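> No letters, just coordinates:
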C-alpha cells in the first residue's frame, strides 16, 4: 500500500515540476470528505519534496458551500480550512484557500420560497448547476482569464461506483495524466487517486499524519456516526471493534432527490437529536412537492402545467411559499436552542424572497409578518409599507381609465427595483420587452 501511495506522490511531484505548465495553477476541489482530504494530503506531501525555489505554481484549495450543507460538516470543514491557511503560511507553501458560494439569486431558498421553484427531483435537478457548478466555474474562469489555462485536481475514484469508473474512462487519454475538461475552456483535469481503493483512502487519512496538523480522527468519527447499519467500511488501520464507516454521502441537508437522507438519519439516531428539525423539514418538502394544491397551473415562463388528470405541476403557490417559509423559520428557531449562531436561512435571503414576492405582485404575504410570528418579535416596517401604499394609490388614480396600464407600470417598476436590489441588471431590457409584449396582446 505504501508503495502505491509513494508512487502517487512521486507522480504529483513530477507533474508539478513540468516547467511549461508553471503558469497553470492547480485547483483542488475540497469538500472536507475522505477522498478530497486524502488527495490534498498527497499533494501537500509532494509539494514538501519540491525545493522552495521551484514552488512556482499556485495551488488553490477551493471549497464550495451551497449554504445548505450538513451543519456538522460545515463546522468541521471551516475548522480544517482555517488550519490549512495557517499551515500553508507557516510552511511557506504556495497554497491558498478559496470558498465559493452561490449568488443570492441562485440560492436554494430564494429559488424555492422566493420564485416558487419546486424542490429538486431526478427530472428537475436545477440545484446542482446553480449552487455547485456555477460558483466554482466562475472561480475557474477567473483563473483561466488570468493565467491562460488551469488544471483541476479531483478526488474521484473508479472504485466508488460503476458510473464513476465509466466517467473516468470516458474522459481519460491513454498514457496521459491530464484530460481536457468536458465543459470548461482551457482547463484540464487530473485525477491522481483514481485507482485507489477505499481501504487505501482511509489508510492515508487515518494512518498518515495530517501535514497541516488537523485531527483526522474527527473526520473518521463523522463518517462512523453518519453510517447506516447496512454500510460497511473496510479499513486496514482499525481493529475489529472499530465502527463501520466510509460509504456515507454528505451533501445538502435539503436534498429531495433521494427518498431518504440516510446519513442525517444515522446522525440523529446516534445522538445528534438537534438535527431532527432539519430531517423533518426535508421530509415535509419531499412529501408536499407534488401536492396539486401547492402548485400553480402555470410555470414561471407562463407555460401551461396541468396534467390530463387535472393535477397542477406549475411553480409553488404564494400560499404554500409562505407556509414553507414559516416551516423553515420554525425549524431554525428549534435548532438555535442548541446552536444559537446557526442560521438555516440568511437575512439576505429573506430580503431577496420579499423582493421576489413583490416582483410577482404578491402583497398578501410578507416575510416580516411570518418572521415576527415565529420569533414573537415586531420588526417595524410600517414606514416603508405606508410609502409603498401611497405610491400604489397615486398610480391607481393616474391609471383610473385604463386599469391594465396600472398593472403594466407596476410590474415594470417592481422588475427594475428587484434587478437593482439583486445587483443583476443583465437581461432587464429583454425582460421589460417581454412584459410589454404580454400586455399589448391583452389589449
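Thanks, I have the structure now. Worth saying up front: this structure is predicted, and the values here are computed from it rather than measured.
> Now do the domain split for this protein, please.
The record's domain parsing of the chain by automatic domain parsing lists 2-215, 382-442.
> Identify whichever of these lies nearest to residue 333.
Set against residue 333 and scored by CB to CB, the domains of the chain come closest in domain 2-215, at 14.8 Å. Bear in mind the C-beta positions are built from the backbone N, C-alpha and C, glycine included.
> pLDDT weak spots in this structure?
1, 159-175, 228-249, 380-392, 395, 401, 410, 414-428, 441-443 (pLDDT under 70).
> what are the ranges of the strands in it?
For the chain, applying DSSP state E gives strands covering 26-29, 59-64, 95-100, 150-153, 178-180, 187-190.
> Reformat those as TSV; add mean neighbour count and distance to residue 139.
Formatted as TSV, the strands of the chain follow (neighbours: other CB atoms under 10 Å; distance: least, CB to CB, whole Å):
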stretch	mean neighbour count	distance to residue 139
strand 26-29	23	8
strand 59-64	22	6
strand 95-100	18	5
strand 150-153	24	10
strand 178-180	15	19
strand 187-190	20	11
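> Turn those strands into CSV, columns for distance to residue 340.
CSV is the format used below for the strands of the chain (distance: least, CB to CB, whole Å):
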stretch, distance to residue 340
strand 26-29, 32
strand 59-64, 24
strand 95-100, 23
strand 150-153, 37
strand 178-180, 47
strand 187-190, 42
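> tell me the contacts of residue 92?
52, 55 (CB atoms under 8 Å, 6 or more residues apart in numbering).
> what about it, distance to residue 186?
To residue 186, residue 92 is 29 Å away according to CB to CB, to the nearest Å.
> Residue 154 too?
Taking CB to CB as the measure, residue 154 falls 17 Å from residue 186.
> what does residue 59 give?
Distance check for residue 59 against residue 186: by CB to CB, it reads 18 Å.
> same check, this time on residue 359
Per CB to CB, residue 359 is found 37 Å from residue 186.
> ditto for residue 82
Distance of residue 82 to residue 186, given as CB to CB: 32 Å.
> do residue 75 as well
36 Å.
> Show the contacting residues for the residue nearest to the spatial centre of the chain.
Nearest to the mean C-alpha position of the chain, by CA atoms, centre = their mean, lies residue 66 at 2.1 Å. Neighbour list for residue 66: 101-102, 108, 127, 131-132, 252 [criterion: CB under 8 Å, 6+ apart].
> I'd like the distance between it and residue 212.
Residue 66 is 24 Å from residue 212, by CB to CB.
> Okay, and the beta partners of residue 26?
residue 59, residue 151 (DSSP bridges).
> Surely it is in contact with residue 147?
No - taking contacts as CB atoms under 8 Å, residue 26 lies outside contact range of residue 147: 10.9 Å.
> Now residue 336: closest residue in space that isn't a chain neighbour?
With CB to CB, 6 or more residues apart in numbering as the criterion, residue 336 has its nearest non-adjacent residue at 6.2 Å, and that residue is residue 342.
> I'm done for today, thanks for sticking with me.
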